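A.B. asks: Fold the following and give me the result.
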Amino acid sequence: LGLAPLAFALAALPGAEPTASRVNLQSTQATISKVRERSAAPASVQAPPIFCNRAVNMGHMEAIGFDMDWTLCNYRQTPFDLLAYNGAKERLVGLGYPEAIRAFEYDTSRFQRGLVIDKARGNVLKMDRHKYVKVAHHGLQELPPEARKEAYEGQKHQFTPPDYANIDTAFLLVDVCLFCQLVDYMDRHPGSVDRSYAQVYADVRRAVDLCHSDGVIKDVVMADPASYIERDPMLAATLGRAAKAGKKVFLLTNSLWDYTDAVMEFLLGEEAAALGRRWTDFFDVVIVGARKPAFLLDPQMPIFRVHGEDGSLGNLENAEFAAGPDAVERILEKGKIFQGGNWKHLHKLLGVSATDRLLYVGDHMYSDVLRAKRTLGWRTMLVVPELDKEVRVQEANV
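C.D. replies: You can find the predicted model right below:
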């Protein structure tokens, strides 16, 4: 469903002048206002449904923030996942796994978020909200009802780490696919892999994680973003409407600056360039390398200034945030791009009057939504792309 629901909700808000705390952002405000006019949503775009677990008065929100990956940035699922999938297979072969796994093929239709991996048994579980296991697969084969009930009924299971792993982000779909294929291979070729199922999962997780950190994925995406990222026609309009309504707009992502800059330039660079600006002018504050959920939990996490020209970091001491009533203004005068830090830094940079006056939009149930809500009292919006298909199927059967 993307950001379209939020865009249409923001369209109903009255415009508001920037508050006095917006230092050196008057030109940015004017830029965003112009971009809003130029990048209005196409007439053919209709507002999808908004699923609201709790009413939110958008007029009360003082700041709206966004995650980047799978929130502002929607990846082309198959080509993007294949970068991690193929890279992980090569790393597993390097760890001593059979050459035959190079012939594995990625299946995007078999798995989705919400599943749980039973590491010790080599199973993948689909549960209801009461933690009743309704469907279980061992590797690629569905368990008969008798085997499923014997394993998961009649005893208490918490289904929590370290024995279980939640597939709660799109990045983990590669993990569950590769893990199930390896379990299936081990069962069909006894003795071919001298490892437990739990160790196999640990190896898969490590192999995929290395692909995200050593450039196998990000370097390729940065070199050719159009092949891996879908541009959202609503994005510029959404950000522009938020600013027009007087909201502080911020970006809070775990991705580092070089990757964030490349992705956001692809998503917003065209609209910004038309006005002689950069994509960062759509935001009041940009924080990269946030290390969520630690950003939301640890008030001692240090913050650094990012020099956008070359990506270098500069020290930013906590004392600078407390150096008089104009401290934040002086900090923002030198730039609005930061790395790391914690929620206290963000609140000061935004100047919000209360934690429940901040709305954060993300795709990760734990890192973006639960921690932000339960720990800080932020209002939250979860992006659930899987609902798109569910709603269409439901509407087709009405």
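
A.B. asks: Low-confidence ranges, the stretch 151-300 of the chain, go.
C.D. replies: Applying pLDDT under 70 to the stretch 151-300 of the chain flags no residue at all.

A.B. asks: now the strands for it?
C.D. replies: When assigned using DSSP state E, counting those that start in this stretch, the strands of the stretch 151-300 of the chain occupy the ranges 164-166, 229-230, 248-252, 285-288.

A.B. asks: Compare the ones you listed and give me the one nearest residue 76.
C.D. replies: strand 229-230 (5.9 Å; CB to CB). C-beta here means a position set from N, CA and C on the backbone, and glycine is covered the same way.

A.B. asks: now that closest one, how far from the chain's geometric center?
C.D. replies: Taking CA atoms, centre = their mean, to the nearest Å, one finds the center of strand 229-230 at 14 Å from the center of the full chain.

A.B. asks: tell me the contacts of the closest residue to residue 272 other than its chain neighbours?
C.D. replies: The shortest distance from residue 272 to any residue other than its chain neighbours is 5.0 Å, reached at residue 279 (CB to CB, 6 or more residues apart in numbering). Residues in contact with residue 279 (CB atoms under 8 Å, 6 or more residues apart in numbering) are 264, 265, 267, 268, 269, 272.

A.B. asks: thinking again about what came up before, turn the strands of the stretch 151-300 of the chain into a markdown table, columns for mean neighbour count.
C.D. replies: Putting these into a markdown table (neighbours: other CB atoms under 10 Å) gives the following:
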| stretch | mean neighbour count |
| --- | --- |
| strand 164-166 | 18 |
| strand 229-230 | 16 |
| strand 248-252 | 24 |
| strand 285-288 | 24 |
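
A.B. asks: For residue 380, which of these is the nearest?
C.D. replies: Nearest to residue 380 among the strands of the stretch 151-300 of the chain is strand 248-252 (12.2 Å), distances taken as CB to CB.

A.B. asks: name the helices or strands packed onto the closest one?
C.D. replies: In terms of contact count using 3 or more CB pairs under 8 Å, 6 or more residues apart in numbering; DSSP states H and E, strand 248-252 is assigned the packing partners strand 63-66, helix 235-244, strand 285-288, helix 343-350.

A.B. asks: Let's have these in TSV, adding distance to residue 158.
C.D. replies: TSV is the format used below for those (distance: least, CB to CB, whole Å):
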stretch	distance to residue 158
strand 63-66	32
helix 235-244	39
strand 285-288	33
helix 343-350	28
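
A.B. asks: mind listing the helices for the stretch 251-398 of the chain?
C.D. replies: 257-273, 294-297, 318-321, 327-333, 343-350, 371, 386-396 (DSSP state H, counting those that start in this stretch).

A.B. asks: Grab the nearest non-local neighbour of the residue positioned nearest the centre of the chain.
C.D. replies: Closest residue to the average C-alpha location of the chain: residue 69 at 4.2 Å, with CA atoms, centre = their mean. Across the structure, with CB to CB, 6+ apart as the measure, the residue nearest residue 69 apart from its sequence neighbours is residue 255 (6.3 Å).
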